[in-house]
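**Student:** sharing a model that was predicted from the sequence below.
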Amino acid sequence: MKTRASTYFPIVLMLLLAGATWWLERVVELTEPQAPGKSRHDPDAIVERFTVTRYGPGGKVSSTLDAARMVHFPDDETTELDAPRVVQLPEDAPPVRIRADRGRVSKDGEEVHMHDNVVVTRDASADRPELRVATTYMQVWPKDEIARTPEPVTITEGGSRLAGVGMEVRGKSREFELHSRVKGTFVQSSTPKKK
C-alpha cells in the first residue's frame, strides 16, 4: 500500500499545482486593464489651430475649414472639432459661413455634425441683405451642399424673420424647407432692383 501511495502522490501533487496555476492565470487576466487598441476611443492625433482649404477645378479656393482644435480617433475614424468655422465660396453667389462651438466629421469627410450655437450666414449682395440662420445642431453634407436639422431654427434676412422646427437646405438648387411650427414676418426690401 505504501508503494502505491508514493507512486500516486507526485501525480496528484502535479495535478493540484497545474490546477492552481490555471486558476491563478485566470484571476490575473480578469484584473489586468485592457490594453489600448481599436476597442478604446482614444485619440491618435491632436492638432491646435488648423485650416483645411479645398480648391475647385479652376484652382480657385472653393471652401475652407478651420478650428481651434482637432482630435482624431482611430477606432471609428472620426474627427472632433472645437470652434469649427466653414466658409464656402461659390463662384456665382455670396460666401456662406458656418460656425459652431463644436463639430464632428465622419471618417470619409462626407458628413459634418455641428453642435451648440450653430450660425450660418450668407453675405449681403447688391440686391439682398445678409441672411442669418441660427440653431443648436446641424448635419451638413458639404459635397452635396445639403444641410439638415431637427431642431428649432430662426432665419433672418434684413427685417424679415422666419422660425420653425426642423429644416433642410439644398444649396445647389437654393431651396430650403421648414418642417413644422412655422411662423414668419416678411418685410419688403426697399433696395431697387437692377434692370
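**Tutor:** Nice, I can see it. Predicted model, so just to flag it, every value in this text is computed and none were measured.
**Student:** per-residue pLDDT, Thr51?
**Tutor:** Looking at Thr51, its pLDDT reads 87.
**Student:** quickly list the domain ranges of this structure.
**Tutor:** The chain resolves into domains spanning 1-32, 45-185 when parsed by automatic domain parsing.
**Student:** most tightly surrounded among these?
**Tutor:** domain 45-185 (a mean of 15; mean count of other C-beta atoms under 10 Å). All C-beta spots, glycine's among them, are computed from the backbone N, C-alpha and C.
**Student:** helix, strand or coil for Asp76?
**Tutor:** Put simply, Asp76 is coil when judged by DSSP: H, G, I helix; E, B strand; the rest coil.
**Student:** I figured it hits Val105, correct?
**Tutor:** No: the pair Asp76 and Val105 does not pass the contact test of C-beta atoms under 8 Å, sitting 11.4 Å apart.
**Student:** which of the domains of the chain comes out lowest on mean pLDDT?
**Tutor:** Averaged per stretch, pLDDT over those is lowest on domain 1-32, reaching a mean of 64.
**Student:** where's the residue nearest in space to the middle of the chain relative to Ala147, distance?
**Tutor:** Per C-alpha atoms, centre = their mean, the C-alpha nearest to the average position across the chain is that of Arg104, at 1.7 Å. As for Arg104, its distance to Ala147 is 15 Å (criterion: C-beta to C-beta, to the nearest Å).
**Student:** then Glu130?
**Tutor:** From Glu130 over to Ala147 the distance is 18 Å, taken as C-beta to C-beta.
**Student:** can you verify my assumption that Val140 contacts Ile98?
**Tutor:** Yes: Val140 lies in contact with Ile98 (C-beta under 8 Å); the separation is 7.0 Å.
**Student:** between those two, which contacts overlap?
**Tutor:** Each of Val86, Met114 lies in contact with both Val140 and Ile98 under the rule C-beta atoms under 8 Å, 6 or more residues apart in numbering.
**Student:** please give the element, helix or strand, for the residue nearest to the centre of the chain.
**Tutor:** Counting by DSSP states H and E, the element that carries Arg104 is strand 102-105.
**Student:** so after that strand, what's the next helix or strand?
**Tutor:** Downstream of strand 102-105, the first helix or strand assigned by DSSP H and E is strand 112-122.
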